[in-house]
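S.K.: here is a sequence with its predicted model. Questions after.
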Amino acid sequence: MAAELISPRDDALSPMPAGPLHWLRAGRLEVALAPDAGGRIAQIRYNGVDWLIGPDDGMRATIAWGCYPMVPWAGRVRGGRFDFDGRSHALPVNFGGHAIHGVGFSRPWRIETLDADSATLSLALPRDAYWPFGGTATQSVRLLGDRLHLELAVQAGDQAMPVVLGWHPWFRKPERLEFTPTAMYPRDGEGIATLPCVAPVSGPWDDCFIAGGEIALRRAGQRLHLTADTDHWVMYDAAAHATCVEPQTGPPDAFTLAPRVLPPGQQHRLCFDLAWQTDDE
């Protein structure tokens with residue numbers, strides 16, 4: 001009897017095939033979109049250098065490659081449980097007994113527009129056990145010469161909902177990381193962020209930080225500068241092959257630690273910019 005297949009939405013470690021790729025190009029910048037694979041970016045290539053752990057690098061788990069949107073929450077929801085508007089909610093757990101990274105990274109997104117250097121995608125959020133509030137997620141990808149501009153948004157439906165947005169890029173291991181946070185959320189025995197914030201400690205990290213200064217990666221003669229319209233960043237650099245630098249609009253387990261209420265019909269947005277320069281510039 002064949003083994004039962006597990007959906008990526010039920011286990012973040014399940015394999016996620018890339019599906020069809022759509023390449024966007026502008027100048028020296030190339031981006032491969034994988035809409036069927038959680039609406040993620042499968043690869044970012046600048047001046048011939050690949051920056052992401054991609055679908056052909058042997059990391060097949062849904063959680064472990066590309067650059068994917070985290071919506072309508074980012075990071076772990078402890079035990080999949082949280083309270084909202086006077087009611088208790090239990091989400092399906094998909095990673096180590098917790099609900100991680102939302103529902104968008106494991107579901108196919110719809111391409112709304114596709115041009116040579118830009119695209120927009122959308123996802124109708126469920127209104128079921130996976131996510132009881134509904135709503136609509138959208139993202140846009142624009143190549144602007146030596147800069148990649150990403151926007152992620154969620155709009156509530158006919159009822160209020162909690163929300164946290166994020167991007168999760170799996171960058172190939174940099175030769176140097178420039179990052180000077182001002183504070184961090186300490187993690188407890190389950191590896192989940194807690195309050196109050198404390199002074200940053202040295203890595204390796206799998207932690208959420210408050211940071212408003214320069215964030216950059218250097219590799220292969222290039223410098224990648226990262227900015228976003230948020231001061232929350234999750235940094236994961238414990239892996240030998242990759243470093244994740246993740247802008248988020250709140251910390252992991254934010255539905256409990258720092259709840260943000262999105263009223264009916266309203267929108268919450270996150271912008272993320274990646275800008276390159278070469279050493280000879």
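M.R.: Yep, that arrived.
S.K.: now the helices: where do they sit in the chain?
M.R.: Ranges of helices within the chain are 254-257, based on DSSP state H.
S.K.: what stretches of this structure score poorly on pLDDT?
M.R.: 1-5 (pLDDT under 70).
S.K.: leaving out the residues flanking it, which one is nearest to Phe84?
M.R.: Pro162 (5.3 Å; Cβ to Cβ, 6 or more residues apart in numbering). The C-beta positions use only the backbone N, C-alpha and C, and glycine is treated the same way.
S.K.: and that neighbour, bridged to which residues?
M.R.: Val261 (DSSP bridges).
S.K.: spit out the contact partners of Arg9.
M.R.: Pro92, Asn94, Val103, Ser106, Arg107, Tyr130 (Cβ atoms under 8 Å, 6 or more residues apart in numbering).
S.K.: could you redo the last one with a cut-off of 7 Å?
M.R.: Asn94, Val103, Ser106, Arg107, Tyr130 (Cβ atoms under 7 Å, 6 or more residues apart in numbering).
S.K.: list just the nearest of those residues to Asp56.
M.R.: Nearest to Asp56 among the contacts of Arg9, counting by Cβ to Cβ, is Ser106 at 19.8 Å.
S.K.: the closest one: neighbour count?
M.R.: 24 (other Cβ atoms under 10 Å).
S.K.: picking that back up, residues near the residue nearest to Phe84, how many?
M.R.: Neighbour tally, Pro162, other Cβ under 10 Å: 22.
S.K.: confirm for me that it is in contact with Leu257.
M.R.: No. The pair Pro162 and Leu257 fails to qualify as a contact (Cβ atoms under 7 Å) at a distance of 11.4 Å.
S.K.: distance check, the residue nearest to Phe84 against Ile6.
M.R.: Pro162 sits 27 Å away from Ile6, going by Cβ to Cβ, to the nearest Å.
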